[in-house]
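Undergrad: 3D model of this:
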Amino acid sequence: MRSSNPVLDRLDDTRRREREVLGLGGAEAMTVDDVVTRTVGLLLLTVATAAVAWFVVPQAVWISAALAGSALAAIALALVISLRGSTNPALIAGYAVLQGLLLGVASRAFELVYPGIVVQAVVGTSGVFLGMALLYRARVVRATPRLARLVAGTLLGIVAIGVVNLVAYLLTGRQGLEVYSLTAEVGWLAYLFSVVAIIAGAFSFILDFDLVERSVRAGLPRRYAWYCAFGLLAGLVFLYWQLLRLLSYLRR
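TA: You can find the predicted model right below:
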């Protein structure tokens, strides 16, 4: 089973390589608690950095760079960590700090235009994550190969279209499937794009939970808990952005 999250997807290959080349007997195996602890730690680091950025970074100077740079920086760092299979805590913590900085600045801009929207997005993100965790725990939704292909294809399409849309906006100023101006008019395609992204992001957690659980059962070394935590953080950040954008659409 492959995950729809490209970060966690590499764990299957890593697990096979560790067993075939290095062996797992000499390394302490990671547990679900290890993944949870590191994920919570990265979330706290992201939130703390966002809080500092919210109050310290000048809004008028940084908002445009934050809105555009957050997506590009997230993709670039995710590719670096994912392709290298990095379990370096410093590198992963750096990703959390950068995302916190950008999220804090951008979230403050949304909040100034739409009071209360940040709390709504945070509650929505937490609710979706916990809801999918409960569905996975109860085995109501299972990580099947068909679900994996569907979610993976959808997310890859969303990311690709989002990058093209962002570059087009930076070059021409035209809004597309993602609307970057906080007050611009929103068409029905932008609504549809956001809803599809949120649904795909939510179901990707099912596949990620399954992969983490199977990696724990396989006895992957403890250091890979950082890798799992990074993947979950990336999914949460993606979901938060999509919910924040959709809520802003609905309040225009």
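Undergrad: For this structure, which helix or strand comes out least confident on mean pLDDT?
TA: The helix or strand of the chain with the lowest confidence, counting by mean pLDDT, DSSP states H and E, is helix 6-17 at a mean of 57.
Undergrad: if I look at S181, how far off is T37?
TA: S181 sits 40 Å away from T37, taking CB to CB, to the nearest Å as the criterion. (C-beta placed from N, C-alpha, C; glycine too.)
Undergrad: can you list contacts of stretch 116-124?
TA: Taking contacts as CB atoms under 8 Å, 6 or more residues apart in numbering, the residues outside stretch 116-124 that touch it are 107, 110-111, 240, 243-244, 247-248, 251.
Undergrad: Could you give me the buried positions within that stretch?
TA: 117-118, 121, 124 (16 or more other CB atoms under 10 Å).
Undergrad: now do stretch 190-200
TA: Neighbour count says stretch 190-200 has 190, 193-194, 196-198, 200 buried, by 16+ other CB under 10 Å.
Undergrad: a markdown table for these, including pLDDT?
TA: As requested, those are exported to a markdown table (pLDDT from 0 to 100):
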| residue | pLDDT |
| --- | --- |
| A190 | 89 |
| F193 | 92 |
| S194 | 92 |
| V196 | 94 |
| A197 | 93 |
| I198 | 95 |
| A200 | 92 |
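Undergrad: can you map out the strands along the stretch 51-200 of the chain?
TA: Listed in chain order, the strands found in the stretch 51-200 of the chain under DSSP state E, counting those that start in this stretch amount to none.
Undergrad: Beyond the lengthiest helix in the chain, next helix or strand please.
TA: Of all segments of type helix in the chain, defined using DSSP state H, the longest is helix 188-217. Next along the chain after helix 188-217, taking DSSP states H and E as the criterion, comes helix 224-250.
Undergrad: other SSEs contacting that following helix?
TA: The criterion is 3 or more CB pairs under 8 Å, 6 or more residues apart in numbering; DSSP states H and E, and the helices and strands that helix 224-250 contacts are helix 6-17, helix 32-56, helix 59-84, helix 89-113, helix 117-137, helix 188-217.
Undergrad: Next, V186: phi, psi?
TA: Dihedral pair for V186: phi -120, psi 130, per degrees, to the nearest 10.
Undergrad: Please work out how many residues are found near it.
TA: The burial count assigned to V186 is 19, neighbours taken as other CB atoms under 10 Å.
Undergrad: How about the contacts made by it?
TA: Contacts here follow CB under 8 Å, 6+ apart; on that basis V186 touches 179, 249, 252.
Undergrad: Same list (these) but as a markdown table, adding pLDDT, distance to L220 and neighbour count.
TA: Compiled in a markdown table, the contacts of V186 are given as follows (pLDDT from 0 to 100; distance: CB to CB, whole Å; neighbours: other CB atoms under 10 Å):
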| residue | pLDDT | distance to L220 | neighbour count |
| --- | --- | --- | --- |
| V179 | 82 | 41 | 22 |
| Y249 | 93 | 40 | 16 |
| R252 | 82 | 46 | 12 |
